[in-house]
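1. got a sequence here, can you model it:
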Amino acid sequence: MIEYDNFQKALKNLESQNKHHKTLDESLPEWMKEAVAESVIQRFETCWDCLWKVVKRYLEQELGLPEVPGSPKPVLRMAPENHLFSSPAEQWITYADARIATSHDYSGQKAQNTLVLMNDFVDDAIDLYQTMSGERWQ
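-> Presented below is the predicted three-dimensional model:
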């Protein structure tokens, strides 16, 4: 049986912080806005790492697929073939690229590009969670 707790917790944390980021008071000092943005990116990284690993386990344990790769992009290419994603595989590759881009750089254009993806990522990740776990998102 696959445990979804870490993925669920990471996704809830990202969802919550992303909501805070979207509703920030523009009169806040710049350093505070940057701190919230950095937090969203860090929570995305954590969520991403939990997500692809749980997809890997799902492909292996629930679907019984042999020889599932041990890195994110190949796993993500297998997921649509097994009806796990409602959005195109290319979108998930975009998320993977964003994760790689933010590994050591939370400032500038890379961060902004990642933040623009967060609403879609959260929606797609919730959909994936529901598909794999069979549970309704709360």
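2. any idea whether residue 69 is helix, strand or coil?
-> The local conformation at residue 69, judged by DSSP: H, G, I helix; E, B strand; the rest coil, is coil.
3. could you pull up phi and psi at it?
-> phi -60, psi 160 (degrees, to the nearest 10).
4. helix, strand, or coil at the most centrally placed residue in the chain?
-> Computing the C-alpha centroid of the chain and ranking residues by CA atoms, centre = their mean puts residue 48 first, at 3.9 Å. Assigned by three-state DSSP, the conformation of residue 48 is helix.
5. check the gap between the residue located most distally from the centre of the chain and residue 115 for me.
-> Relative to the centre of the chain, and counting by CA atoms, centre = their mean, the farthest-placed residue is residue 27 at 29.2 Å. In this view, residue 27 and residue 115 are 20 Å apart by CB to CB, to the nearest Å. Backbone N, C-alpha and C define where each C-beta goes, glycine included.
6. what's the answer for residue 42, then?
-> 12 Å.
7. who has more neighbours, those two?
-> Regarding residue 42 and residue 115, a neighbour count based on other CB atoms under 10 Å identifies residue 115 as having more, with 19 against 15.
8. so who does that one touch?
-> The contact partners of residue 115, taken as CB atoms under 8 Å, 6 or more residues apart in numbering, are 21, 37, 40, 41.
9. try it again at 6 Å.
-> With contact set as CB atoms under 6 Å, 6 or more residues apart in numbering, residue 115 has no partners.
10. just the element for it, please.
-> Using DSSP states H and E, residue 115 sits in helix 108-133.
11. check residue 98 too.
-> Assigned by DSSP H and E, residue 98 belongs to helix 89-101.
12. for that helix, name the packing helices and strands.
-> Packing partners of helix 89-101 (3 or more CB pairs under 6 Å, 6 or more residues apart in numbering; DSSP states H and E): helix 72-81, helix 108-133.
13. flag every buried residue along the last one.
-> For helix 108-133, the neighbour count (16 or more other CB atoms under 10 Å) marks 110-111, 114-115, 117-118, 121-122, 124-126, 128-129, 132-133 as buried.
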